[in-house]
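Peer 1: Kindly return the folded structure for what I paste below:
(2 chains)
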Amino acid sequence: NAGVTQTPKFQVLKTGQSMTLQCAQDMNHNSMYWYRQDPGMGLRLIYYSASEGTTDKGEVPNGYNVSRLNKREFSLRLESAAPSQTSVYFCASTTRGVTYEQYFGPGTRLTVT
Amino acid sequence: TQLLEQSPQFLSIQEGENLTVYCNSSSVFSSLQWYRQEPGEGPVLLVTVVTGGEVKKLKRLTFQFGDARKDSSLHITAAQPGDTGLYLCAGMWRAGNMLTFGGGTRLMVKP
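Peer 2: Numbering: from 1, shown residues only, chains lettered A, B, ... in the order given. Here you go, the predicted model:
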């Protein structure tokens, strides 16, 4: 099992450009998440998908859109990148249960100039 | 927004020393998780605590959940350079709700 995979690992964008971050999991998890991580701020939830066909906003959704393509895949799109979106982006998926432990991908390091 | 505060933010110690990291909130958690993250990688779950007063041990790591389920601590005995990393706590306020992460404690253990 690969667990949670993310592509690309690194990306540099110019302000105003668009891109899509891809995430896939092979653990048959129902729920998937996108976080961003900035220095000293832990992880902040951007969007999540509780199950295939549903998506909901998290704490910091502005400037992003998501698509739950199927049970395995959850993508994050930046329509018009801004320097404030420079960050490390993590995708995660979770088991269904009382505690919802999360399994994370390796991250995408995005720089917007 | 529910807040989770971790302290200290940074910790640099010598190999063999003991340390404690704290995670505090004014709200009650239904459960709390601790993750460890190494540079260039995603966080990896260490433990989940659910019951107030619960203590869990993972080799040299001891995790404690406060009686009132508002706080938690991570104690490392005889730290080793391999313990170096970012330690994150994450709380869930209602079962099935989203996780909220603390700001993290960056630990460096020098040989």
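Peer 1: And B:S72, which helix or strand is it part of?
Peer 2: strand B:71-76 (DSSP states H and E).
Peer 1: pLDDT on that strand, on average?
Peer 2: The average of the pLDDT scores along strand B:71-76 is 97.
Peer 1: how much does the helix or strand that that strand is followed by deviate in direction from strand B:71-76?
Peer 2: The helix or strand immediately downstream of strand B:71-76 is strand B:85-92, counting by DSSP H and E. Inter-element angle recorded for strand B:85-92 and strand B:71-76: 150 degrees (by axes from the mean of the first three to the mean of the last three CA atoms, to 10 degrees).
Peer 1: Packing partners of strand B:85-92?
Peer 2: Here strand B:85-92 touches strand B:5-7, strand B:19-24, strand B:31-37, strand B:71-76, strand B:99-101, strand B:105-110, going by 3 or more CB pairs under 8 Å, 6 or more residues apart in numbering or on different chains; DSSP states H and E. Placement of C-beta: from N, CA and C, glycine included.
Peer 1: A:N30 is nearest to which of those strands?
Peer 2: Closest of the helices and strands packed on strand B:85-92 to A:N30 is strand B:99-101, at 15.4 Å (criterion: CB to CB).
Peer 1: quick one: strands adjacent to the closest one?
Peer 2: strand B:85-92 (antiparallel) (DSSP bridges).
Peer 1: Would you mark the buried spots in the strand it pairs with?
Peer 2: For strand B:85-92, burial by neighbour count (16 or more other CB atoms under 10 Å in any protein chain shown) applies to B:85-92.
Peer 1: got the contact list for stretch A:62-69?
Peer 2: Applying CB atoms under 8 Å, 6 or more residues apart in numbering or on different chains, the contact partners of stretch A:62-69 are A:32, A:34, A:46-47, A:49, A:52-55, A:74-80, A:82, A:84-85.
Peer 1: one more time with 7 Å
Peer 2: If you take CB atoms under 7 Å, 6 or more residues apart in numbering or on different chains as the criterion, stretch A:62-69 is touched by A:32, A:34, A:46-47, A:49, A:52-53, A:55, A:74-79, A:82, A:85.
Peer 1: The helices and strands packed on strand B:85-92: lowest mean pLDDT?
Peer 2: Across the helices and strands packed on strand B:85-92, strand B:99-101 gives the lowest mean pLDDT, at a mean of 89.
Peer 1: residues near the closest residue to chain B within chain A, how many?
Peer 2: Each residue of chain A has a distance to chain B, by CB to the nearest CB, and the smallest belongs to A:F104, at 3.1 Å. A:F104: 22 surrounding residues under other CB atoms under 10 Å in any protein chain shown.
Peer 1: Excluding chain neighbours, what is closest to it?
Peer 2: In space, and not counting its chain neighbours, A:F104 is closest to B:G42: 3.1 Å by CB to CB, 6 or more residues apart in numbering or on different chains.
Peer 1: That neighbour sits in which helix or strand?
Peer 2: Using DSSP H and E, no element contains B:G42; it sits outside every helix and strand.
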